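[1] here is my input, please return the structure:
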Amino acid sequence: MPFDPKTYLLVHVLLSLVGIFSGLVVVGGLIAGVRFSRWVGLFLATTLLTSITGFGFPFVALLPSHIVGALSLVVLLGALAAVYWKHLEGGWRRTFVVLSVVALYLNVFVLLAQLLQKIPALAVLAPTPAAPAFAATQGLVLVLFAVLGWAAVKGYGHRAGRR
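    Numbering: from 1, shown residues only. Here you go, the predicted structure:
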């Protein structure tokens with residue numbers, strides 16, 4: 001069966017969107033002080049697969065997307081270790097919360113970068129990553145995720161008894 005780049009891209013995008021949706025559910029739960037185990041598994045798996053499949057696209061040089069993908073893999077491995085190896089004991093609970101929010105942020109960061117690049121109406125506003133609209137959008141998202149991360153640590157990161 002020949003390699004179909006369009007199908008591969010579709011699978012990659014669907015994994016990313018499922019990862020973002022499930023990540024929002026996970027972070028919402030963490031803010032409320034609850035860990036939804038199945039949602040966590042779905043989020044970590046689809047976000048990990050998104051990062052892995054991102055390296056399957058043809059390229060000739062190292063791109064910023066590869067750096068973000070590599071960073072995402074490191075973050076996800078830490079989150080996976082916190083949940084499945086260290087069982088959220090001690091400081092691993094907070095580590096899991098922080099790394100989960102960072103993994104979701106990186107996925108949303110890439111989504112926004114792709115939207116700003118691929119949708120013509122948005123590309124006019126931010127034709128390159130150096131454009132002020134790109135920086136402003138990503139800056140707002142960074143602030144939003146910093147607030148979400150703080151709320152998630154307050155909601156779930158300090159609660160020793162809940163899993």
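[2] could you check how far the least confident helix or strand in the chain by mean pLDDT is from the centre of its chain?
    Lowest on mean pLDDT, DSSP states H and E among the helices and strands of the chain sits helix 120-125, with a mean of 88. Here the centre of helix 120-125 is set off from its chain's centre by 24 Å, with Cα atoms, centre = their mean, to the nearest Å.
[3] buried set for that helix?
    Of the residues in helix 120-125, Leu122 count as buried by neighbour count, 16 or more other Cβ atoms under 10 Å. All C-beta spots, glycine's among them, are computed from the backbone N, C-alpha and C.
[4] so which elements touch that helix?
    helix 92-118 (3 or more Cβ pairs under 8 Å, 6 or more residues apart in numbering; DSSP states H and E).
[5] how about low-confidence regions in this structure?
    1-2, 159-163 (pLDDT under 70).
[6] need the helices for it, in chain order.
    Secondary structure of the chain (DSSP state H): helices at 5-31, 37-54, 64-80, 92-118, 120-125, 132-152.
[7] for the residue nearest the centre of the chain, give its distance to Ala130.
    The structure's the chain has its C-alpha centroid closest to Leu104; by Cα atoms, centre = their mean the separation is 2.6 Å. Separation of Leu104 from Ala130 (Cβ to Cβ, to the nearest Å): 25 Å.
[8] repeat for Ala70
    If you measure Ala70 against Ala130 using Cβ to Cβ, the figure is 22 Å.
[9] who has more neighbours out of the two?
    Ala70 (14 against 8; other Cβ atoms under 10 Å).
[10] and the gap between that one and Leu63?
    Between Ala70 and Leu63 the computed distance is 11 Å (Cβ to Cβ).
[11] so what sits against both of the two?
    Common neighbours of Ala70 and Leu63, using Cβ atoms under 8 Å, 6 or more residues apart in numbering, do not exist here.
[12] so which of the helices of the chain is nearest His158?
    His158 sits nearest to helix 92-118 of all these, at 7.5 Å, using Cβ to Cβ.
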